[in-house]
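J.: build me a model from this:
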Amino acid sequence: MEIRVLQYFMAVARHENITKAAEELHLTQPTLSRQLSDLEDELGVQLLVRGKRKTQLTEAGLIFKARAQEILSLTEKTKEQFAKMDELVAGDIYIGAGETQAMACVAKVLAPLRRSYPHIQFHLVSGNEDLIYDSLQKGLLDFGLVCRADAPRTYVFRRIPHDDAWGLMMRADNPLAVKEAVQRADLLQEPLIVSEQAMKHHELDHYFGSAAEKIEVAGTYNLLYNTIFFIEAGMGSALCFKGMADAVGSSRGLVFRPLDPVIRSANYVVWRRDQVFSRAGRLVVAALDEAFSHHA
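T.: Predicted structure coming up:
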């Protein structure tokens with residue numbers, strides 16, 4: 001399976017039309033069709049449903065599209081890394097993170113490095129923790145910010161000196177908004193919009209205890225911003241981190257109240273132990289080590 005054939009397939013998936021894809025690729029239509037047929041024969045599945053006006057992906061085609069995107073992204077990243085090896089210190093650093101003010105701590109560490117080595121480019125990828133670990137494992141990310149220090153034999157973790165405090169973001173006319181803090185019993189009466197990651201990994205179970213099964217989950221979120229529209233519409237209130245609630249909710253007239261008793265989530269910067277870094281990557285590791293290695 002050749003990279004160029006993956007590029008051919010992605011062009012067809014993008015245009016949903018073999019003729020238009022062939023024009024973009026500067027190929028004849030028969031040549032492109034033959035390459036796609038050979039690809040299907042190699043995989044032993046049908047990837048495309050060829051219509052007169054539109055070419056659609058089969059279920060297998062959709063799965064293959066996701067894999068092809070990952071392969072092409074990793075290929076491009078590898079080419080960029082080797083193309084810049086002859087420069088003094090240059091390269092692309094990919095960092096994945098959820099929505100947390102712990103990123104401010106990381107940014108303060110990386111800013112002086114960027115000033116010293118202006119040919120280093122940092123690329124931020126937003127996503128939940130599962131996406132970050134998956135992308136680290138596949139080599140699509142160099143570093144990640146996570147709340148859970150899992151698999152220490154596989155990854156290096158450095159504790160960031162910022163813990164995120166949980167609380168409730170709600171409409172200003174919510175009866176709970178008059179309180180200085182929200183208790184567990186209050187949450188049992190409120191439809192909640194909860195972090196999908198927190199639900200999956202039972203991060204709040206110890207807070208709710210035996211009452212965890214009694215909470216009303218109105219919805220879940222991966223990233224917080226779009227949740228504010230659900231809150232405004234009266235669909236529920238969001239359990240979230242204070243710093244991000246202040247950032248995305250205050251301008252919309254929403255309010256945040258901390259949980260009582262207080263519950264906090266730790267933050268870690270993480271990278272793979274077996275990662276072979278470029279010179280730029282090694283400088284980032286050294287900077288993160290110097291800044292955070294003494295935090296327990």
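J.: show me the contacts for the closest residue to residue 214 other than its chain neighbours.
T.: In space, and not counting its chain neighbours, residue 214 is closest to residue 188: 5.4 Å by Cβ to Cβ, 6 or more residues apart in numbering. For glycine as for every other residue, the C-beta is placed from the backbone atoms N, C-alpha and C. Neighbour list for residue 188: 211, 214-216 [criterion: Cβ atoms under 8 Å, 6 or more residues apart in numbering].
J.: ok, now how distant is residue 188 from residue 182?
T.: 11 Å (Cβ to Cβ, to the nearest Å).
J.: what's the helix or strand for residue 225?
T.: Per DSSP states H and E, residue 225 falls between elements, in no helix or strand.
J.: residues of stretch 224-244 that come out buried?
T.: 224, 227-228, 230-231, 236-244 (16 or more other Cβ atoms under 10 Å).
J.: how long is that stretch end to end?
T.: 8 Å (Cα to Cα, to the nearest Å).
J.: next one: stretch 194-205
T.: End-to-end for stretch 194-205, by Cα to Cα: 12 Å.
J.: stretch 244-254 too?
T.: 12 Å.
J.: just the buried residues of stretch 224-244 now: which is nearest residue 67?
T.: When those are ranked by distance to residue 67 (Cβ to Cβ), residue 224 comes first, at 29.6 Å.
J.: what about the spatially most central residue of the chain, distance to residue 136?
T.: For the chain, residue 127 is the residue whose C-alpha lies nearest the centre (Cα atoms, centre = their mean; 1.6 Å). Using Cβ to Cβ, residue 127 is found at 11 Å from residue 136.
J.: any residues in contact with both of these two?
T.: residue 96.
J.: about what we covered before: just the contacts of residue 188: which has the poorest pLDDT?
T.: Minimum pLDDT across those is recorded for residue 211, with 81.
J.: how many other residues sit next to that one?
T.: Neighbours of residue 211 under the rule other Cβ atoms under 10 Å: 12.
J.: next: residue 274.
T.: Residue 274, neighbours per other Cβ under 10 Å, totals 7.
J.: ok, now which ones touch it?
T.: By Cβ under 8 Å, 6+ apart, residue 274 has no neighbours at all.
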